[in-house]
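> A structural model of the following input is requested.
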Amino acid sequence: MHQLQSKKIVLGITGGIAAYKSAELVRRLRDAGAEVRVVMSKGAQAFITPLTFQALSSHPVHTELLTPEAEAGMNHIELARWADLVIIAPATANCLSSLAQGRADDLLSTLCLATQAPLCIAPAMNQQMWQHAATQHNLQCLIDRGVRCFGPAQGFQACGEVGPGRMLEAAEIAQLCAEQFSIKTLTGRHVVITAGPTQEAIDPVRYISNHSSGKMGFALAQAAVDAGADVTLISGPVQLTTPAGVKRIDVDSANAMHQAVQEHIVNTAIFIGCAAVADYRPKQIASQKLKKDPTNVEQTMTLTLVRNPDIITNVANMQPKPFVVGFAAETEALEQHAKDKLARKKLDMIIANDVSQSNIGFNSDQNAVTVFTSTERISLEQNTKFALAKQLISLIHKQLSS
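Purely as a prediction, here's the structure:
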(Lines give C-alpha, C1' and ligand atoms only; values in the text may rest on other atoms or scores of the structure.)
Protein backbone atom coordinates (compact mmCIF):
# COMPACT_ATOMS: atom_id res chain seq x y z
CA MET A 1 0.00 0.00 0.00
CA HIS A 2 2.88 2.35 -0.83
CA GLN A 3 0.37 4.66 -2.57
CA LEU A 4 -0.72 5.92 0.87
CA GLN A 5 2.73 7.21 1.79
CA SER A 6 2.38 10.86 2.96
CA LYS A 7 -1.28 10.99 1.88
CA LYS A 8 -3.69 13.02 4.03
CA ILE A 9 -6.76 10.98 4.93
CA VAL A 10 -9.88 12.22 6.74
CA LEU A 11 -11.69 9.29 8.35
CA GLY A 12 -15.34 9.97 9.13
CA ILE A 13 -17.03 7.67 11.65
CA THR A 14 -20.81 7.52 12.03
CA GLY A 15 -23.00 5.82 14.58
CA GLY A 16 -22.91 2.06 14.04
CA ILE A 17 -21.56 -0.90 15.97
CA ALA A 18 -18.97 -1.36 13.21
CA ALA A 19 -17.24 1.78 14.56
CA TYR A 20 -15.00 -0.56 16.55
CA LYS A 21 -13.41 -1.65 13.24
CA SER A 22 -12.48 1.97 12.50
CA ALA A 23 -9.84 1.88 15.22
CA GLU A 24 -8.03 -0.86 13.30
CA LEU A 25 -8.50 1.12 10.09
CA VAL A 26 -6.64 4.11 11.57
CA ARG A 27 -3.75 1.82 12.46
CA ARG A 28 -3.68 0.26 8.97
CA LEU A 29 -3.68 3.65 7.26
CA ARG A 30 -0.91 5.00 9.45
CA ASP A 31 1.18 1.84 9.02
CA ALA A 32 0.97 2.47 5.25
CA GLY A 33 2.39 5.97 5.74
CA ALA A 34 -0.78 8.04 5.69
CA GLU A 35 -1.53 10.96 7.99
CA VAL A 36 -5.01 10.54 9.47
CA ARG A 37 -7.49 13.01 10.95
CA VAL A 38 -10.65 11.57 12.52
CA VAL A 39 -14.12 13.15 12.43
CA MET A 40 -16.82 11.56 14.60
CA SER A 41 -20.56 12.07 14.57
CA LYS A 42 -22.49 12.22 17.85
CA GLY A 43 -23.83 8.73 17.16
CA ALA A 44 -20.32 7.36 16.68
CA GLN A 45 -19.30 8.66 20.10
CA ALA A 46 -22.00 6.49 21.67
CA PHE A 47 -20.14 3.39 20.45
CA ILE A 48 -16.48 4.34 20.90
CA THR A 49 -14.73 7.30 22.53
CA PRO A 50 -12.85 10.07 20.73
CA LEU A 51 -9.94 9.44 23.10
CA THR A 52 -9.34 6.06 21.43
CA PHE A 53 -8.91 7.69 18.03
CA GLN A 54 -6.83 10.52 19.44
CA ALA A 55 -4.37 7.94 20.77
CA LEU A 56 -4.32 5.96 17.50
CA SER A 57 -4.05 8.94 15.15
CA SER A 58 -1.83 11.11 17.38
CA HIS A 59 -4.14 14.06 16.63
CA PRO A 60 -7.20 15.55 18.35
CA VAL A 61 -10.50 14.13 17.14
CA HIS A 62 -12.92 16.53 15.45
CA THR A 63 -16.53 16.42 16.60
CA GLU A 64 -17.96 19.94 16.29
CA LEU A 65 -18.86 21.97 13.22
CA LEU A 66 -17.69 25.31 14.60
CA THR A 67 -14.84 25.41 17.11
CA PRO A 68 -12.97 28.41 18.56
CA GLU A 69 -9.68 26.52 18.21
CA ALA A 70 -10.00 26.21 14.42
CA GLU A 71 -8.79 28.95 12.11
CA ALA A 72 -11.67 31.46 11.84
CA GLY A 73 -13.74 28.89 13.73
CA MET A 74 -14.34 26.95 10.50
CA ASN A 75 -13.12 23.45 11.20
CA HIS A 76 -14.93 21.96 8.20
CA ILE A 77 -13.16 24.23 5.70
CA GLU A 78 -9.73 23.49 7.13
CA LEU A 79 -10.23 19.73 6.99
CA ALA A 80 -11.87 19.90 3.57
CA ARG A 81 -8.86 21.69 2.11
CA TRP A 82 -6.35 19.49 3.95
CA ALA A 83 -7.66 16.09 2.77
CA ASP A 84 -6.33 14.08 -0.15
CA LEU A 85 -9.12 11.55 0.47
CA VAL A 86 -12.20 11.34 2.68
CA ILE A 87 -13.38 7.88 3.76
CA ILE A 88 -16.48 7.34 5.92
CA ALA A 89 -16.34 4.01 7.72
CA PRO A 90 -18.80 3.00 8.93
CA ALA A 91 -21.33 4.87 6.81
CA THR A 92 -24.82 4.31 8.22
CA ALA A 93 -28.13 4.48 6.37
CA ASN A 94 -28.66 7.92 7.91
CA CYS A 95 -25.25 9.02 6.67
CA LEU A 96 -26.06 7.91 3.10
CA SER A 97 -29.36 9.76 3.27
CA SER A 98 -27.67 12.93 4.53
CA LEU A 99 -24.99 12.84 1.84
CA ALA A 100 -27.50 12.12 -0.94
CA GLN A 101 -29.63 15.08 0.12
CA GLY A 102 -26.63 17.38 0.46
CA ARG A 103 -27.38 18.16 4.09
CA ALA A 104 -24.86 20.15 6.13
CA ASP A 105 -26.09 19.71 9.68
CA ASP A 106 -22.91 18.44 11.34
CA LEU A 107 -19.16 18.59 10.82
CA LEU A 108 -18.86 15.45 8.69
CA SER A 109 -21.69 16.20 6.26
CA THR A 110 -20.53 19.80 5.87
CA LEU A 111 -16.95 18.72 5.28
CA CYS A 112 -18.11 16.35 2.51
CA LEU A 113 -19.82 19.24 0.72
CA ALA A 114 -16.82 21.50 1.12
CA THR A 115 -14.03 19.17 -0.01
CA GLN A 116 -12.68 18.60 -3.51
CA ALA A 117 -11.00 15.37 -2.38
CA PRO A 118 -12.39 11.98 -3.51
CA LEU A 119 -15.12 10.71 -1.19
CA CYS A 120 -15.41 7.01 -0.33
CA ILE A 121 -17.94 5.23 1.88
CA ALA A 122 -17.88 1.85 3.63
CA PRO A 123 -21.54 1.12 4.46
CA ALA A 124 -22.56 -0.80 7.58
CA MET A 125 -26.14 -1.45 8.64
CA ASN A 126 -28.84 -4.07 9.16
CA GLN A 127 -29.37 -6.16 6.04
CA GLN A 128 -32.98 -5.05 5.63
CA MET A 129 -31.99 -1.39 5.94
CA TRP A 130 -29.29 -1.92 3.31
CA GLN A 131 -31.70 -3.54 0.86
CA HIS A 132 -34.47 -0.98 1.39
CA ALA A 133 -35.36 0.92 -1.77
CA ALA A 134 -34.67 4.28 -0.12
CA THR A 135 -31.13 3.27 0.86
CA GLN A 136 -30.40 1.87 -2.59
CA HIS A 137 -31.76 5.06 -4.17
CA ASN A 138 -29.52 7.19 -1.96
CA LEU A 139 -26.55 4.97 -2.78
CA GLN A 140 -27.12 5.28 -6.52
CA CYS A 141 -27.39 9.07 -6.20
CA LEU A 142 -23.98 9.14 -4.51
CA ILE A 143 -22.37 6.77 -7.01
CA ASP A 144 -23.72 8.88 -9.86
CA ARG A 145 -21.87 11.82 -8.30
CA GLY A 146 -18.62 9.87 -8.24
CA VAL A 147 -18.64 8.63 -4.64
CA ARG A 148 -16.86 5.29 -4.30
CA CYS A 149 -18.63 2.56 -2.30
CA PHE A 150 -16.56 -0.12 -0.55
CA GLY A 151 -18.75 -3.14 0.19
CA PRO A 152 -20.68 -4.01 2.20
CA ALA A 153 -19.95 -7.69 2.84
CA GLN A 154 -22.44 -10.40 3.72
CA GLY A 155 -22.59 -12.46 6.90
CA PHE A 156 -23.78 -12.53 10.49
CA GLN A 157 -24.69 -9.15 11.94
CA ALA A 158 -24.74 -7.77 15.47
CA CYS A 159 -28.55 -7.76 15.39
CA GLY A 160 -28.56 -11.53 14.87
CA GLU A 161 -29.62 -11.42 11.23
CA VAL A 162 -27.65 -12.67 8.23
CA GLY A 163 -27.22 -10.86 4.94
CA PRO A 164 -25.53 -7.91 3.22
CA GLY A 165 -24.59 -4.96 5.40
CA ARG A 166 -21.40 -5.89 7.24
CA MET A 167 -18.64 -3.32 6.95
CA LEU A 168 -15.56 -4.60 5.15
CA GLU A 169 -12.56 -5.45 7.30
CA ALA A 170 -10.07 -2.69 7.99
CA ALA A 171 -7.30 -4.24 5.89
CA GLU A 172 -9.52 -4.36 2.81
CA ILE A 173 -10.76 -0.79 3.27
CA ALA A 174 -7.18 0.44 3.66
CA GLN A 175 -6.19 -1.36 0.45
CA LEU A 176 -9.14 0.16 -1.42
CA CYS A 177 -8.13 3.61 -0.15
CA ALA A 178 -4.62 3.01 -1.46
CA GLU A 179 -5.97 2.04 -4.85
CA GLN A 180 -7.61 5.44 -5.21
CA PHE A 181 -4.08 6.78 -5.76
CA SER A 182 -2.99 4.01 -8.16
CA ILE A 183 -1.66 4.69 -11.65
CA LYS A 184 -4.47 4.42 -14.23
CA THR A 185 -3.10 1.56 -16.37
CA LEU A 186 -6.03 1.43 -18.81
CA THR A 187 -6.45 5.15 -19.47
CA GLY A 188 -7.63 5.77 -23.02
CA ARG A 189 -8.81 2.19 -23.60
CA HIS A 190 -12.43 1.21 -24.24
CA VAL A 191 -13.52 -1.92 -22.40
CA VAL A 192 -16.78 -3.76 -23.10
CA ILE A 193 -17.98 -6.20 -20.44
CA THR A 194 -21.01 -8.49 -20.47
CA ALA A 195 -22.49 -9.56 -17.14
CA GLY A 196 -25.36 -11.44 -15.53
CA PRO A 197 -27.73 -14.05 -16.94
CA THR A 198 -29.91 -13.94 -20.02
CA GLN A 199 -33.61 -14.80 -20.00
CA GLU A 200 -35.00 -16.76 -22.96
CA ALA A 201 -38.79 -16.38 -23.13
CA ILE A 202 -41.10 -19.40 -23.34
CA ASP A 203 -44.30 -17.37 -23.11
CA PRO A 204 -45.18 -13.93 -21.69
CA VAL A 205 -44.59 -15.08 -18.08
CA ARG A 206 -41.98 -17.87 -18.26
CA TYR A 207 -38.38 -18.04 -19.37
CA ILE A 208 -35.22 -20.16 -19.32
CA SER A 209 -32.32 -18.69 -17.34
CA ASN A 210 -29.50 -19.54 -14.91
CA HIS A 211 -28.14 -18.64 -11.47
CA SER A 212 -25.72 -15.88 -12.49
CA SER A 213 -25.93 -12.85 -10.17
CA GLY A 214 -23.80 -10.53 -12.32
CA LYS A 215 -21.55 -9.71 -9.34
CA MET A 216 -18.30 -10.75 -11.03
CA GLY A 217 -19.04 -8.73 -14.17
CA PHE A 218 -19.97 -5.64 -12.16
CA ALA A 219 -16.80 -6.04 -10.06
CA LEU A 220 -14.74 -6.18 -13.27
CA ALA A 221 -16.49 -3.04 -14.53
CA GLN A 222 -15.59 -1.25 -11.29
CA ALA A 223 -11.98 -2.44 -11.46
CA ALA A 224 -11.65 -1.42 -15.11
CA VAL A 225 -13.03 2.08 -14.55
CA ASP A 226 -10.74 2.42 -11.51
CA ALA A 227 -7.85 1.62 -13.88
CA GLY A 228 -8.90 4.55 -16.07
CA ALA A 229 -10.78 2.67 -18.79
CA ASP A 230 -13.87 3.87 -20.63
CA VAL A 231 -16.24 1.05 -19.68
CA THR A 232 -19.43 -0.14 -21.33
CA LEU A 233 -21.28 -2.75 -19.24
CA ILE A 234 -23.91 -4.81 -21.06
CA SER A 235 -25.95 -6.58 -18.40
CA GLY A 236 -28.69 -9.14 -18.25
CA PRO A 237 -31.45 -8.79 -15.63
CA VAL A 238 -29.77 -8.19 -12.23
CA GLN A 239 -30.42 -6.08 -9.14
CA LEU A 240 -27.00 -4.44 -8.81
CA THR A 241 -25.84 -0.85 -8.53
CA THR A 242 -24.04 0.53 -11.57
CA PRO A 243 -20.43 1.49 -10.73
CA ALA A 244 -19.65 5.19 -11.00
CA GLY A 245 -18.36 6.19 -14.42
CA VAL A 246 -19.65 3.05 -16.16
CA LYS A 247 -22.04 3.19 -19.10
CA ARG A 248 -24.65 0.47 -18.48
CA ILE A 249 -26.89 -1.11 -21.10
CA ASP A 250 -29.65 -3.42 -19.86
CA VAL A 251 -30.77 -6.36 -22.00
CA ASP A 252 -32.79 -9.50 -21.37
CA SER A 253 -32.12 -12.19 -23.99
CA ALA A 254 -28.99 -13.55 -25.67
CA ASN A 255 -30.08 -12.02 -28.98
CA ALA A 256 -30.48 -8.61 -27.32
CA MET A 257 -27.06 -8.93 -25.69
CA HIS A 258 -25.53 -9.96 -29.02
CA GLN A 259 -27.01 -6.92 -30.73
CA ALA A 260 -25.80 -4.57 -27.97
CA VAL A 261 -22.28 -6.00 -28.21
CA GLN A 262 -22.22 -5.49 -31.98
CA GLU A 263 -23.34 -1.88 -31.55
CA HIS A 264 -20.64 -1.01 -28.98
CA ILE A 265 -17.66 -3.20 -29.93
CA VAL A 266 -16.18 -0.71 -32.43
CA ASN A 267 -12.80 0.67 -31.27
CA THR A 268 -12.85 -1.61 -28.23
CA ALA A 269 -9.46 -2.57 -26.81
CA ILE A 270 -10.69 -5.26 -24.40
CA PHE A 271 -13.80 -7.43 -24.46
CA ILE A 272 -14.65 -9.44 -21.32
CA GLY A 273 -17.45 -11.96 -21.79
CA CYS A 274 -18.46 -12.51 -18.18
CA ALA A 275 -22.20 -12.99 -18.81
CA ALA A 276 -23.74 -16.43 -18.42
CA VAL A 277 -25.38 -16.40 -21.84
CA ALA A 278 -27.97 -19.11 -22.46
CA ASP A 279 -26.76 -21.53 -25.14
CA TYR A 280 -30.31 -22.20 -26.33
CA ARG A 281 -33.67 -20.46 -26.63
CA PRO A 282 -37.16 -21.75 -27.43
CA LYS A 283 -37.72 -21.94 -31.18
CA GLN A 284 -41.15 -20.39 -30.76
CA ILE A 285 -42.40 -18.01 -28.05
CA ALA A 286 -46.07 -18.49 -27.20
CA SER A 287 -48.06 -15.29 -27.55
CA GLN A 288 -50.25 -16.22 -24.57
CA LYS A 289 -49.47 -17.95 -21.29
CA LEU A 290 -49.28 -21.70 -21.81
CA LYS A 291 -51.99 -23.43 -19.77
CA LYS A 292 -52.07 -26.93 -18.39
CA ASP A 293 -55.03 -29.24 -18.78
CA PRO A 294 -56.43 -29.67 -15.23
CA THR A 295 -58.08 -32.95 -16.22
CA ASN A 296 -54.91 -34.57 -17.56
CA VAL A 297 -52.39 -35.30 -14.82
CA GLU A 298 -50.18 -37.16 -17.32
CA GLN A 299 -49.87 -34.17 -19.61
CA THR A 300 -46.37 -33.31 -20.80
CA MET A 301 -44.91 -30.40 -22.75
CA THR A 302 -42.13 -30.44 -25.30
CA LEU A 303 -39.99 -27.39 -26.03
CA THR A 304 -37.91 -27.21 -29.19
CA LEU A 305 -34.73 -25.26 -28.52
CA VAL A 306 -32.41 -23.60 -31.01
CA ARG A 307 -28.88 -22.30 -30.58
CA ASN A 308 -28.26 -18.74 -29.52
CA PRO A 309 -25.53 -16.66 -31.20
CA ASP A 310 -22.05 -17.29 -29.79
CA ILE A 311 -21.25 -13.73 -28.76
CA ILE A 312 -17.66 -14.20 -27.64
CA THR A 313 -16.69 -16.28 -30.69
CA ASN A 314 -18.08 -13.61 -32.98
CA VAL A 315 -16.01 -10.96 -31.20
CA ALA A 316 -12.89 -13.15 -31.29
CA ASN A 317 -13.25 -13.53 -35.08
CA MET A 318 -13.38 -9.77 -35.72
CA GLN A 319 -10.62 -8.16 -37.80
CA PRO A 320 -9.01 -6.39 -36.10
CA LYS A 321 -10.15 -7.98 -32.87
CA PRO A 322 -9.90 -6.68 -29.30
CA PHE A 323 -8.15 -8.57 -26.53
CA VAL A 324 -10.84 -11.16 -25.75
CA VAL A 325 -11.36 -12.63 -22.28
CA GLY A 326 -13.86 -15.42 -21.65
CA PHE A 327 -15.20 -17.22 -18.60
CA ALA A 328 -15.68 -20.94 -18.06
CA ALA A 329 -18.09 -21.83 -15.25
CA GLU A 330 -17.66 -25.58 -14.86
CA THR A 331 -18.81 -28.36 -12.55
CA GLU A 332 -16.19 -30.93 -13.62
CA ALA A 333 -12.89 -31.24 -15.54
CA LEU A 334 -12.27 -27.53 -15.02
CA GLU A 335 -8.86 -27.24 -16.68
CA GLN A 336 -9.71 -29.49 -19.62
CA HIS A 337 -12.93 -27.63 -20.48
CA ALA A 338 -11.30 -24.21 -19.99
CA LYS A 339 -8.33 -24.96 -22.25
CA ASP A 340 -10.63 -26.42 -24.91
CA LYS A 341 -12.79 -23.29 -24.87
CA LEU A 342 -9.70 -21.03 -24.97
CA ALA A 343 -8.43 -22.71 -28.15
CA ARG A 344 -11.74 -23.44 -29.86
CA LYS A 345 -13.10 -19.91 -29.49
CA LYS A 346 -9.72 -18.24 -30.24
CA LEU A 347 -9.66 -16.34 -26.94
CA ASP A 348 -6.66 -14.50 -25.53
CA MET A 349 -7.48 -15.41 -21.92
CA ILE A 350 -10.04 -17.53 -20.10
CA ILE A 351 -11.02 -17.39 -16.44
CA ALA A 352 -12.30 -20.69 -15.06
CA ASN A 353 -14.19 -21.28 -11.84
CA ASP A 354 -15.82 -24.31 -10.22
CA VAL A 355 -19.51 -23.45 -9.77
CA SER A 356 -20.21 -26.78 -8.07
CA GLN A 357 -18.85 -25.23 -4.84
CA SER A 358 -21.74 -23.48 -3.10
CA ASN A 359 -19.53 -21.01 -1.19
CA ILE A 360 -18.08 -19.42 -4.33
CA GLY A 361 -19.28 -18.54 -7.82
CA PHE A 362 -22.96 -17.97 -8.57
CA ASN A 363 -24.73 -15.60 -6.14
CA SER A 364 -21.72 -15.47 -3.80
CA ASP A 365 -19.59 -12.43 -2.94
CA GLN A 366 -16.55 -14.72 -3.02
CA ASN A 367 -14.83 -16.57 -5.83
CA ALA A 368 -11.66 -18.48 -6.67
CA VAL A 369 -10.49 -18.76 -10.26
CA THR A 370 -7.78 -20.16 -12.50
CA VAL A 371 -6.60 -18.02 -15.40
CA PHE A 372 -5.37 -19.62 -18.62
CA THR A 373 -3.62 -18.10 -21.61
CA SER A 374 -1.89 -19.96 -24.41
CA THR A 375 1.29 -20.05 -22.31
CA GLU A 376 0.30 -19.52 -18.67
CA ARG A 377 -1.78 -21.02 -15.87
CA ILE A 378 -2.36 -18.69 -12.92
CA SER A 379 -4.38 -19.64 -9.82
CA LEU A 380 -6.07 -16.87 -7.85
CA GLU A 381 -7.09 -17.98 -4.36
CA GLN A 382 -10.54 -17.41 -2.87
CA ASN A 383 -11.23 -13.75 -2.25
CA THR A 384 -13.98 -11.19 -2.69
CA LYS A 385 -15.07 -10.79 -6.29
CA PHE A 386 -13.94 -7.16 -6.26
CA ALA A 387 -10.44 -8.12 -5.05
CA LEU A 388 -10.26 -10.80 -7.75
CA ALA A 389 -11.47 -8.31 -10.35
CA LYS A 390 -8.58 -6.01 -9.46
CA GLN A 391 -6.13 -8.89 -9.94
CA LEU A 392 -7.73 -9.91 -13.23
CA ILE A 393 -7.61 -6.38 -14.66
CA SER A 394 -3.92 -6.25 -13.67
CA LEU A 395 -3.28 -9.56 -15.46
CA ILE A 396 -5.11 -8.33 -18.57
CA HIS A 397 -3.00 -5.16 -18.59
CA LYS A 398 0.14 -7.25 -18.21
CA GLN A 399 -0.84 -9.40 -21.21
CA LEU A 400 -1.58 -6.32 -23.31
CA SER A 401 1.78 -4.80 -22.40
CA SER A 402 3.86 -7.92 -23.07
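
> quick one: low-confidence ranges for the stretch 201-350 of the chain?
Judged against pLDDT under 70, the stretch 201-350 of the chain has no low-scoring part.

> all strands for it, in order.
207-208, 230-235, 247-250, 270-273, 280-282, 305-307, 323-330, 349-354 (DSSP state E, counting those that start in this stretch).

> residue 57 is nearest to which of those?
Counting by C-beta to C-beta, residue 57 lies closest to strand 230-235 out of those; the figure is 35.8 Å. Every residue, glycine included, has its C-beta placed from N, CA and C.

> quick one: residues in contact with that closest one.
188-196, 214, 217-218, 221, 224-225, 242-243, 245-251, 257, 260-261, 264, 275 (C-beta atoms under 8 Å, 6 or more residues apart in numbering).

> could you do stretch 48-66 as well?
The list of residues contacting stretch 48-66 from outside it, by C-beta under 8 Å, 6+ apart, reads 13, 19-20, 22-23, 26-27, 30, 36-42, 45, 73-76, 79, 106-107, 110.

> do stretch 97-114 as well
Here stretch 97-114 makes contact (C-beta under 8 Å, 6+ apart) with 10, 12, 14, 39-42, 62-65, 75-77, 79-80, 86, 88, 95, 119, 121, 134-135, 137-139, 141-142, 147.

> can you get me the start-to-end distance on it?
17 Å (C-alpha to C-alpha, to the nearest Å).

> in it, which residues are buried?
Within stretch 97-114, the residues that qualify as buried are 97-100, 104, 106-112, 114, counting by 16 or more other C-beta atoms under 10 Å.

> what does stretch 290-308 give?
By 16+ other C-beta under 10 Å, the buried positions in stretch 290-308 come out as residue 308.

> hmm, residue 274 is touching residue 220, no?
Yes. If you go by C-beta atoms under 8 Å, residue 274 and residue 220 touch, sitting 6.0 Å apart.

> common neighbours of those two, please.
Shared contacts of residue 274 and residue 220 (C-beta under 8 Å, 6+ apart): 193, 195.

> disregarding residues adjacent in the polypeptide, which is nearest to residue 81?
Counting by C-beta to C-beta, 6 or more residues apart in numbering, residue 81 lies nearest to residue 115, which is 7.5 Å off, once chain neighbours are set aside.

> can you report how many residues lie near residue 152?
24 (other C-beta atoms under 10 Å).

> adjust the sequence numbering to begin at 59 for everything that follows.
Yep, numbering from 59; the last one is residue 210 now.

> correct me if wrong: it contacts residue 221.
No. Applying C-beta under 8 Å, one finds residue 210 not in contact with residue 221, separated by 9.6 Å.

> what do those two both touch?
Shared contacts of residue 210 and residue 221 (C-beta under 8 Å, 6+ apart): residue 188.

> show me the beta-bridge partners of residue 386.
Beta bridges link residue 386 to residue 410 when assigned by DSSP bridges.

> and residue 429, how many neighbours?
Residue 429 has 21 neighbours, counted by other C-beta under 10 Å.

> and the helix or strand hosting it, how far out from the chain middle?
Per DSSP states H and E: residue 429 is located in strand 424-430. Centroid separation between strand 424-430 and its chain, computed with C-alpha atoms, centre = their mean, to the nearest Å, is 17 Å.
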